[in-house]
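Q: Provide a 3D model corresponding to the input given below.
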Amino acid sequence: MDYMPGNRLDEVWKILISPQKISIAEQLRGHDPATQPEGTYIGDVDGRTAITGKYVSIEGGPFDSEQEFNKSILEDLPPGLPVIYQHLAENALTDGHEIVFTHSDFATRNILVDENCQVTAILDWEWAGWYPEYWQYYKAYRNLLPMPD
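A: Prediction:
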């Protein structure tokens, strides 16, 4: 892997002022998966599997439809999960989303910025693939550390 200049965003965020943070957020807006081409399957970039976990990996697919993908997620719910959580999961997983190219580990630790608050790199693409359009948000939200603003 080539060296990329910059510092990890999670390490410099606390010393940035509001206009700098806004500038970085605006630069990252261009990485919204909704702006990416639509995919024809759900799975990794090589068309092999879909990986739904990072530390506890759940693999399956590739999937030809979002319905198949959702079914796989529901089948992997932990045994003994209270019925209310099973019900919530079943009703939260809808279909009809566009399938877009997604980083799948979009987190501040994987974003480098320079001293001028310019994004210089987005790292760690090993989980990237074609997923429902909400996937990037879901995975990024799970990676947020307690961060002010």
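Q: run through the chain and note the low-pLDDT ranges.
A: Residue ranges of the chain with pLDDT under 70: 1-2, 32-36, 52-57, 145-148.
Q: show me where it has helices.
A: Counting by DSSP state H, the chain has helices at residues 9-12, 18-28, 66-75, 83-92, 135-143.
Q: show residues contacting stretch 80-95.
A: By C-beta atoms under 8 Å, 6 or more residues apart in numbering, the surrounding residues in contact with stretch 80-95 are Ser65, Glu66, Gln67, Asn70, Ile73, Leu74, Leu77. Quick note: C-beta positions are derived from backbone N, CA and C, even for glycine.
Q: who does Phe101 form a beta bridge with?
A: Beta-bridge pairing for Phe101 (DSSP bridges): Trp130.
Q: okay, now it: neighbour count?
A: 17 (other C-beta atoms under 10 Å).
Q: I'd say it and Glu133 touch.
A: No. Here Phe101 lies out of contact with Glu133, judged by C-beta atoms under 8 Å, at a distance of 10.2 Å.
Q: buried residues of stretch 116-133, list them for me.
A: For stretch 116-133, a neighbour-count test (16 or more other C-beta atoms under 10 Å) marks Cys117, Val119, Ile122, Leu123, Asp124, Trp127, Ala128, Gly129, Trp130, Tyr131, Pro132, Glu133 as buried.
Q: which single one of those residues is nearest to Arg142?
A: Within these, proximity to Arg142 (C-beta to C-beta) peaks at Trp127, which comes in at 11.9 Å.
Q: all set now, cheers.
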